[in-house]
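1. no FASTA, just this:
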């Protein structure tokens, strides 16, 4: 198991990572963050709304499923949002430089870190 800070350091070590955070989606507040390039407090609150909207839409559609991850592709960045299966109401958020990141490897690393986070 890894502490919150160890987990953030592992996320930051992903090739192309600019910043990462662990977010409480019930409040939109950061539990921890690392890196630079994005206002993580603002991003945490905004992406909390993304997760809530997707869950609400899935419920309205009658989908009996869960979100593995949400990928937002921008011109220069990838944003990965991964709700934690083991900690309801918590998600991992990672911002990657699109030119330097390997998306498949980054998604895999986020999955691996999720399994190790200890609160």
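-> Structure's in. What do you need? The model shown is predicted, which means the values in this text are computed figures rather than measured ones.
2. what number of residues lie near the closest residue to residue 118 other than its chain neighbours?
-> The spatially closest residue to residue 118, leaving aside those adjacent along the chain, is residue 1, at 3.9 Å (C-beta to C-beta, 6 or more residues apart in numbering). C-beta: built from backbone N, CA, C; applies to glycine. The tally of other residues near residue 1 (other C-beta atoms under 10 Å) stands at 9.
3. ok, residue 54 next?
-> Around residue 54 there are 14 residues (other C-beta under 10 Å).
4. all helices of the protein, in order?
-> Assigned by DSSP state H, the chain shows helices spanning 4-12, 40-60, 103-116.
5. contacting residues around residue 74?
-> Residue 74 sits next to residue 98 when contact means C-beta atoms under 8 Å, 6 or more residues apart in numbering.
6. mind checking pLDDT for the residue nearest to residue 118?
-> Note for residue 1: predicted pLDDT of 77.
7. over to residue 112?
-> At residue 112, pLDDT is 95.
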